[in-house]
Each structure stands twice: as structure tokens, then as C-alpha cells.
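Trainee: Need a 3D model of the sequence below.
(4 chains)
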2 protein chains.
Amino acid sequence: MADTEPTPVPERKRGSGVKMVYDLLRDEILDLVLPPGSPVDEVQLAERFKMSRTPIREALVRLAGEGLIETLPNRSTMVSNIDFLNLHTFFDALVLMYRVTTRLAAQNHRQEDLPTIRGFHEDYAAAVTARDTLAMIATNVAFHAAIAEAGRNPYFTGLFRRLLDEGRRILRLYYQSYEEQFPQRFVDEHAEIIAAIEARDIEGADRLGKAHAEQIVLQVQQLFSRNVRLDIAL
Amino acid sequence: MADTEPTPVPERKRGSGVKMVYDLLRDEILDLVLPPGSPVDEVQLAERFKMSRTPIREALVRLAGEGLIETLPNRSTMVSNIDFLNLHTFFDALVLMYRVTTRLAAQNHRQEDLPTIRGFHEDYAAAVTARDTLAMIATNVAFHAAIAEAGRNPYFTGLFRRLLDEGRRILRLYYQSYEEQFPQRFVDEHAEIIAAIEARDIEGADRLGKAHAEQIVLQVQQLFSRNVRLDIAL
DNA sequence: TGTATTTTTCTTGTCGACAAATAAAATGCA
DNA sequence: TGCATTTTATTTGTCGACAAGAAAAATACA
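Mentor: You can find the predicted model right below:
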């Protein structure tokens, strides 16, 4: 319980510690290695990373700023809970950002954006044929994040990135249960989206982005209600 | 130049220092007391607030997380610049958030939200008749922030708040020039928006929110181009 | 035994000092 | 004078230690 990692690195450069701790904790939170509610102890982290509490603290402040952890004053810090009761607000925001970023990509993308997007599209297709669920999640996120970048609106990409993070956490929670859940259909939809972006078909991209997002949300909701039903059945 | 404030408070409680510094710096940045590009010196702030660098630093990390300041590693920290070249991305995001939050308010508000919204509406009307420009900016922000809260989607309200902050900074920059710029018309539109929300007219609220936002953006853009033209003329 | 009160423990919040990195200033040299 | 090099100055990054606050444990008392 004390050493969760086999001593990452004993030596590092000035200024790199914060980012390292931030990135690693963020990954562990989003991958549910640190499940919601887990205590986050500064001293323990300081020992684990072989540094003083100061840079640890700075990383925690940043994580708290993004809502990934919560601090009870003078008492403790823990990984934020997933607000299952208000998941609909999450889905609303997610669908809108899918739409808007896809739309803006059709409007604002440059030629050099397309190879990147196509690359992730192919990675996703490969993950689907390999039935590698975790790779599907990761490449799907990368695909849509790349589209958002091509849309070139930092306000939207910022929110979208946070939403995708939270989605990653939620999907991890159920990733055992969805075999076949991200099917070939999504690969085809991705291809359509790319075509609309490339053709600068703004309304088409908007429509496809929305429909695609709603499909994904529907899948997750079904997954969700199925699991709840299982819980109740026991 | 050294003491910008007449010694705020020499005594304070454990844990309150960070929030105090954060709030004060945030206000000074948004009110352009600290204009874009201003250096933000940790030691100077520590002296000014009579505390050590540690809580100052934490406040700065949070401000950096919201993009209000920028840190050059190992060198200096300064107030973020306003990205005039990409203002359209700001306007796009602002209009969409106006729309969405108004729409969601019509859908999700509770009875107890309306008095608050009406209160800010009246404050704004009073500021208009008094021709108090700064009060107009402040109450307009409060009015729309209250509507967003009534929409009850923390993802949208979070982004909206940041956009309104940035707008506050931009408007401050030109606040000398716009007399009569927020006219009676906006008061009437606010009243229409309230009516649509109360009637739970979702599509109507959406439409009004969008139109209202576009009007505001238009005003700001006109203000902007007029000032640019002045600069060029000189 | 049950409850109020004191003590202890544990975690965070703050501090002052030092180290590292960068830019600016000073110096050397042709 | 012009340029490369060394030195200094300034600012941030990190550290270890201590203090404060809150919960948990221990104690006192009816």
C-alpha cells in the first residue's frame, strides 16, 4: 500500500517535478488507479516521488483547479467523486462540444490537420478490429481532440478536453462490460465526419457530430442502466 | 510603485490568505489595474500582503490555471495578454454560451431563481438610467451569470464565467469610449429573456439569447473598429 | 454504561532559507 | 570599438521545519 510504484526516477531537473507529478496523478485518477474518494496524501506522495511537499502541493492545486481532486480545509484531500445524479449535464455539454468542435473543424481546418485526424481514425479502426476496448477509448478521444484542435477555438477545446477526461473516467468504470459496444458503425461515422470536414460542409459536419455524439451517449447510458439493473437484481 | 495598497490587513486566519490574494489579484487584472504584460513579482506581493511566498505562489498557480497570468520558467510571471488577433474565437464562444445558458435556464430554472435574476435586471436598468457605464458592465455580467446558474449545468457556467471575465477585461479597455453603448434596448431584451425563461419557452429563450449576444458582440466590435480606426488615423 | 471533556494524532498551511537558472552587467581582449 | 567571456544580480524552484486546525482517541465523571 505504501509503494504503489517501483520508484519512478530518483533524479530530475528543476521545474520538471510538478509537471511529472501532475501528469502521473492525472493519469492515475482518470484510469481509476486512484478511484473516486481515494485519499491523496501529500507526505506519502512526497516520499513516493522523493521530493519535498512544495512541488507536490503545486501539482495538487492544479488538479483541484480542474476539479479532479477536492480539498477539505485543514483536513484532507481526495479524488473527486463522479456526480452520477447529474450525468445529464455532462452529456449535454459533451454533445454540444462534439457538435461545435466538428462544425468549427469543417470551417477552420487547414490541410495539414487532416493527416493527423486520419491517423487517429485508422488507429481507432485498428482497435475496433482488434477488439481492444481500452485502445478504442483512447484513440476515439485522440480522434475527436484532433478535430477540436483543427477547429481552432481554445475556449471550446479546453472545455472539450475536460469533458473527454471525465468521460474517460466514466468509461473506465464500466470498461469490463462493453464488449462490442464501440462497433464498426462508429468507424463509418468517423469516416463520414472526416469527409464533411474536408469538404468544408459546415452544416453537415454539425449534423454528423451531433448524431455521433448522441449515439455515443446512448451507448453509455444503456451500459449504465444495464449495470444499475444488475446491481439492483443482486 | 512599491506600495500600491495602503496595507490591506495585517492579521488573517490560516487558509484565508490564498483566497484573499487570489481574489484581489483577479480583480486587479480584470479591472486593468494590472494591465496585460505587467510583471507579477512574488517577493513584492509577499511584502505587500505581509505573508510568505508560499501562499502567494499558490494563488498565482491558480490564476495561471485560469489563464489570467503566464509564467516563464525560472524567469518571471506576467499578466496574460489579450489575444486581439483571435477575438472572433472569443466572440463565438461567448455567443454560444449566452444561447445555451439562457436556453437551459428556461428548461431547468426553479421559482426561487427568478427573484435573483429580476433583481440584477433592475440593477442594470438603474445603471442605464444613471448612465453609469461601469455599473452597467457589472450588473449585465451578474444578470447573465444568474441566468446561467439557473440553467444548472456547471460545465457551461464554468466556461461562461471565464468568458465573462475576459469580456470584463476587454470592455474595461474601452470603457471611456462607450457612452450610450448599452442602451435602453438591452434593458428591453433582458425583460423579454426573463419572460421567455419564466414561460419555459425553450426555443424562444434560445433565440433571444442568441440575438442578444450577437447585439452585444456587434456593439463591442464597432467600438473596437472605431478605436482601431482612431489609432490608425493618428 | 453513557456522555462530556481533555489529550493525542494526523494532515494541512505557512515560513524562512538556500539552490538553480536565467538575464543583465562587467570585464577581457583583439 | 566590437565581440566573446566571466561575473553579478535577480527571480523562481525546492527544501525541511514548525504551527494550526480538526478529527480521533483517551480519560474523567455521573
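
Trainee: residues in contact with the closest residue in space to A:E198 that isn't next to it in sequence?
Mentor: Leaving aside its chain neighbours, A:E198 sits nearest to A:L114 (6.2 Å; criterion: CB to CB, 6 or more residues apart in numbering or on different chains). To be clear about C-beta, it is placed using only N, CA and C from the backbone, and glycine gets the same treatment. Neighbour list for A:L114: A:150, A:194, A:197-198 [criterion: CB atoms under 8 Å, 6 or more residues apart in numbering or on different chains].

Trainee: top of these by neighbour count?
Mentor: Per-residue neighbour counts (other CB atoms under 10 Å in any protein chain shown) across those peak at A:I197, which has 28 neighbours.

Trainee: do you know how far that residue is from A:Q107?
Mentor: To A:Q107, A:I197 is 9 Å away according to CB to CB, to the nearest Å.

Trainee: what does A:V217 give?
Mentor: Going from A:V217 to A:Q107 by CB to CB gives 24 Å.

Trainee: could you pull out the strands for chain A?
Mentor: Applying DSSP state E to chain A gives strands spanning A:69-72, A:76-79.

Trainee: just so I know, which of these lies nearest DNA strand C?
Mentor: Proximity to DNA strand C (CB to the nearest atom of the strand) singles out strand A:76-79 among the strands of chain A, at 4.2 Å.

Trainee: wait, does that closest one contact DNA strand D?
Mentor: No - judged by CB under 7 Å from any atom of the strand, strand A:76-79 and DNA strand D are separated, with a smallest distance of 8.2 Å.

Trainee: Deepest in the core, which of the strands of chain A is it.
Mentor: strand A:76-79 (a mean of 17; mean count of other CB atoms under 10 Å in any protein chain shown).

Trainee: Who are the packing partners of that strand?
Mentor: strand A:69-72 (3 or more CB pairs under 8 Å, 6 or more residues apart in numbering or on different chains; DSSP states H and E).

Trainee: For chain A, give the residue positioned nearest to DNA strand C.
Mentor: Nearest residue of chain A to DNA strand C, counting by CB to the nearest atom of the strand: A:E42, 3.7 Å away.

Trainee: Spell out which parts of chain A neighbour DNA strand C.
Mentor: Residues of chain A lying near DNA strand C (CB under 7 Å from any atom of the strand): A:13-15, A:40-43, A:53-54, A:57, A:71, A:73-77.

Trainee: Mark which of these are buried, thanks.
Mentor: Taking 16 or more other CB atoms under 10 Å in any protein chain shown as the criterion, what is buried in those is A:40, A:42, A:57, A:77.

Trainee: quick one: which of those residues is nearest A:R168?
Mentor: Nearest to A:R168, judged by CB to CB, of these is A:V40 at 18.7 Å.

Trainee: Hmm, A:E28 and the closest one touching each other?
Mentor: No - in this structure, A:V40 is not within contact of A:E28 by CB atoms under 8 Å, at 9.9 Å.

Trainee: and stretch A:215-226, how far from the chain's centre?
Mentor: How far stretch A:215-226 lies from its chain's middle: 17 Å, per CA atoms, centre = their mean, to the nearest Å.

Trainee: Okay, buried residues for that stretch please.
Mentor: Counting neighbours by 16+ other CB under 10 Å, stretch A:215-226 gives A:216-217, A:219-220, A:223-224 as buried.
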